[in-house]
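Novice: for reference, the sequence and a predicted model appear below.
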Amino acid sequence: MKQNTDGAGISENVDLGRRRAIQSGGLAIAFLWLGGGGVAQAMINARRQPGDAAAALADGNPPFAPNAFIRVDTDGAVRLVMCSVEMGQAIYTGASMLLAEELGVGLDQITVEHSPASDELYGTPLLGGQITGGSTSTRATWQVLREAGAVARTLLVAAAAAQWHVDPSTCTVDRGVVHHTTSGRSLGFGALASAAGKLPMPGKVQLKDPKEFQLIGKPLRRVDSADKIKGATQFGIDVRVPGMKIATVMACPTLNGKLAAVDDKAARAIPGVVDVIHIDDAVAVVGENFWAAKQGLDALEITWNPGENANLTTEQLRAALVESSLNGKSLVAREVGQRPAGGTTVESQYHSPMLAHATMEPLNTTVFVTSDKCEIWVGSQVPARAVTEAARITGLPVDKVIVHNQYIGGGFGRRLETDSVEQAVAFAKQVSYPLKVIWTREEDIRHDRVRPMYHDRISAVLDANGRPLWYGYRTSGGTVLGRFAPGAMGKDGMDSDAIECAIEPPYEIPNLKVEWIRHDMPPGLVVGWWRGVGSTHNLFVIESFMDELAHHAGKDPLEYRRALLQKNPRTLAVLNLAAEKIGWGGTPLPSRVARGIALGEPFGSRICAIVEVEVTAQGEVRLRRAVVALDCGIGVNPSSIEAQIQGGLLFGLSAALYSEVTIKDGAIEQSNFNDYRVLRINEAPLIEVHRVENAEAPGGLGETGTAIAAPALANAIFAATGVRLYKLPVDRKLLVQDASALKDVISAVSTGDGRNVT
Amino acid sequence: MLSLSVNGESHSVDVPADMPLLWVLRDVIGLMGTKFGCGIAQCGACTVHLNGQPVRSCVLAVGSIGSKAITTIEAIGDTPNGKKIQQAWLEVDVVQCGYCQSGQIMSATALLTRSPNPSDAEIDAAMSGNICRCATYVRIRAAIKQAATGKPEGPQTIVSSPAEVAS
């Protein structure tokens, strides 16, 4: 159903603007309808802008700063300013490659800098602001950063040509040097910087023919690796400001609860404790070091006012969501044709859990508030939003708030939020010294902004051969977009993230209806972006269901999908490549060992994952092997692409196998890696990544592997055991080969270690 | 006042004996390469060596260390195995966000020291205490083998193009 070509008689009930936007994928839909909605216009530009003067001044006023991204100093040093933030996805390397390719330098000749907070200079049109998310960074900057490099190169060449009185077109650039081969003259960028800085901006610039690329397409080493392997990279948590004290905090464990009273006598008596400060829902103990602060926090006697969520449980939330999915008001996201009267109907319901991010670097922010200035050191995916919030809390004008962005020890969407920054500013404005606020791991999980829970009803009407004539998808859940960017919701209140990858499935299905039911969570249970966002959840449901349909039709899951992809050659190609590489249908596999396929088109890429599992008689799932085939269009750095797909897939498999946030008495029950289990190396399979290479526009990568993981796993488990998993994470009890036999074994060997095995 | 031997230097620190080594390193001595991840010895981000053995510094009371030699990520490259591990980490390009990698490299170096040519099973056993949320596990395995054998394991990265400056 990529395109309905036979037109007549088929109703296409869809907002075209929404569809165009959704094709760009994920979070990228967030800001497209804002128009005059109050968010600054994204102005990322290859040429110098009015705002560049201040940014260049803050950067030491280099003689050559032709745009917001390139600084060339007199000594020839080339500094590249990164418009996205680095949180592991290798965007500092990818962005540097785009700039350096056209500028004419090697990656070993540049250094990178975090950008200052500025929607105007570093905001991308795809997200409408300085936001790193939605797997958009390469897609949004592929053109403009190469052009920025070309603008700089053009000016440097013009400066050299003017000095030599030659035609610029007779000059070449290589590794930071302009050459005039026929006369044997050369000048380095440093020697040309001052002259180039005085030239007017060029008009149209010539970008390289891809055949001439020297960097793009090569597996270049990350620009941040050398420091990261020595422990020399400064993450937010590593910031040290003179006179700084360190705080750790506890907010009311009950979501939306408030602070009633604190007895801090014992805490203040602990050596090294400096202060105990409050805001309306949290307490911070300030120490000379983290340990003193933590000892102080543990010594507090806090009385909370738990508020309206005091008795809230996951079960209540789930029951209310299921009720909404039946009787709630649905919005039609897309409807094509009619549900046929005849045919066979298949229907299923799927549950997806709430999830925590659990980034390795716990949330932290360092803030110094004085009477006329607020300085913030934090690793943030939304630095400009952090400025806005800090200005609101301190009452200072936005130009008196300075955010120094830092390397991020894992984002996954958690650092698209500013809650921890807001809290740190609210504490720091109460004290006279710079304050570093570090959340414990327990605080980080208990006060995560979780991936929402979902309840989905999916159905299909099949013809006599088992091919779908119609597919219906009714997804229910909280809205992340509606909170994060309410202005980006559709006119009818539609959340385009919620139906990502659902409204345009890759398969040829003539009729469909996709609906969304908004089901808000109680106040205080704030839902947030989680790697892969809407795509991760929808692809689990849709690709599990496709396997159900194949099973219903008595067809091999690969052949069933193939037959429905005949008009979608790019996606068919990744399916075929993955099947070939894993040897689908080849040597028979042992008992309870099997493979599952899932494919999709998340974030502007095409991806197929085939996961091979073994399910033990006791219901343990072992990941044996995974093969991924990917079409992400033009690839900037094949090494980073492989790393993102491997890591992204494992991130998704980790969640599908183990992860769920649950609520009891209004509080998140999980608190650390002992009760919020994540995948470890001994559980990680080998993962092969193969690419279909072409010259299509770049697709997103950061979340693409995650989005396809859960259904490939669930389909493999079905193939191994015959058990269809309608709920995540994997419930091993359902997979036990002979439950009664296992019980006997367990009771026979019971060691009385307190574990409850049922 | 306690005396600690950190990376070959003696440090006198005025801290309580029950203070975990992690916070002494980070907040008192100022070595920020060793990371806080969980505080309960579950994630391995805080791994350092004590007389060459990997330990979780977030739960190691500083008063229990005595004269044992503490080695952190900042100095592990001065040991032959630490240097080999770091070099392999670069060639394979293991890191993503990098936050856990100090601990990964400390655990991997200790593994290589006690088992110069570790099997997959040995690698999994030795490294399973170190969580990586970016899930760089496939490349961690490759890099440990590469460090052990000196032979390329999987695709290698290059420093820049053209080739004359490649690694």
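Specialist: Okay, I see it. Numbering: from 1, shown residues only, chains lettered A, B, ... in the order given.

Novice: and the helix or strand where A:C608 lies, average pLDDT?
Specialist: A:C608 belongs to strand A:606-615 when assigned by DSSP states H and E. Taken as a whole, strand A:606-615 has an average pLDDT of 98.

Novice: is that strand in proximity to chain B?
Specialist: No - for strand A:606-615, no contact with chain B is found by Cβ under 8 Å from any Cβ of the partner chain; the gap never falls below 13.9 Å. Any C-beta I mention is one placed from the backbone N, CA and C, and that applies to glycine too.

Novice: just checking, next helix/strand downstream of that strand?
Specialist: Next along the chain after strand A:606-615, taking DSSP H and E as the criterion, comes strand A:621-631.

Novice: quick check: closest non-adjacent residue to the residue in chain B positioned nearest to chain A.
Specialist: Distances between chain B and chain A by Cβ to the nearest Cβ are smallest at B:G33, namely 2.1 Å. Setting aside the residues directly before and after it, B:G33 is nearest to A:G231 in space (Cβ to Cβ, 6 or more residues apart in numbering or on different chains), at 2.1 Å.

Novice: cool, A:R385 as well?
Specialist: A:R385 sits nearest to A:T418 (Cβ to Cβ, 6+ apart), 5.4 Å away.

Novice: which stretches of chain B form helices?
Specialist: Listed in chain order, the helices of chain B (DSSP state H) span B:21-23, B:73-76, B:80-92, B:101-114, B:120-127, B:137-149.

Novice: in which helix or strand does the residue lying closest to A:V285 once chain neighbours are set aside reside?
Specialist: Spatially, and ignoring its direct neighbours in sequence, A:V285 is nearest to A:G296 (3.6 Å; Cβ to Cβ, 6+ apart). Per DSSP H and E, A:G296 falls inside helix A:290-299.

Novice: show residues contacting that helix.
Specialist: Residues from elsewhere that reach helix A:290-299 (Cβ atoms under 8 Å, 6 or more residues apart in numbering or on different chains): A:246-250, A:264, A:266-274, A:276, A:283-287, A:438, A:440, B:15-16, B:19-20, B:23, B:26-27, B:36.

Novice: can you give me the strands in the stretch 51-200 of chain A?
Specialist: In the stretch 51-200 of chain A, the segments counted as strands under DSSP state E, counting those that start in this stretch are A:70-72, A:78-82, A:110-114, A:172-174, A:177-180, A:185-188.

Novice: run a quick neighbour tally on residue 158.
Specialist: All of this is about chain A. Neighbour count of A:A158, defined by other Cβ atoms under 10 Å in any protein chain shown: 19.

Novice: oops, wrong one, chain B.
Specialist: Residues lying near B:I158 (other Cβ under 10 Å) number 20.

Novice: shouldn't the residue nearest to B:G33 be in contact with B:S102?
Specialist: Yes - A:G231 is within contact range of B:S102, at 4.4 Å (criterion: Cβ atoms under 8 Å).

Novice: so what sits against both of these two?
Specialist: The contact sets of A:G231 and B:S102 overlap at B:G33, B:T34, B:T72, B:I73 (Cβ under 8 Å, 6+ apart).

Novice: enumerate every residue touching the most centrally placed residue in chain B.
Specialist: In chain B, the centroid-proximal residue (Cα atoms, centre = their mean) is B:M106; its distance is 2.0 Å. The contact partners of B:M106, by Cβ under 8 Å, 6+ apart, come to B:T47, B:V48, B:H49, B:P54, B:T71, B:T72, B:I73, B:I76.

Novice: likewise for A:I216?
Specialist: Per Cβ under 8 Å, 6+ apart, neighbours of A:I216: A:M97, A:L98, A:E101, A:P210, A:I634, A:V636, A:N637.

Novice: what about 7 Å?
Specialist: Applying Cβ atoms under 7 Å, 6 or more residues apart in numbering or on different chains, we find A:I216 in contact with A:M97, A:E101, A:V636.

Novice: please apply the same query to B:N117.
Specialist: The contact partners of B:N117, by Cβ under 7 Å, 6+ apart, come to B:A148, B:T149.

Novice: so how far is B:L111 from it?
Specialist: Counting by Cβ to Cβ, to the nearest Å, the separation of B:N117 from B:L111 is 11 Å.

Novice: and for A:V85?
Specialist: 33 Å.

Novice: out of the contacts of B:M106, who's near chain A?
Specialist: Among the contacts of B:M106, the residues within reach of chain A (Cβ under 7 Å from any Cβ of the partner chain) are B:I73.

Novice: turn the contacts of B:M106 into TSV, including neighbour count.
Specialist: Output for the contacts of B:M106, formatted as TSV (neighbours: other Cβ atoms under 10 Å in any protein chain shown):
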residue	neighbour count
B:T47	30
B:V48	29
B:H49	25
B:P54	23
B:T71	24
B:T72	23
B:I73	29
B:I76	26
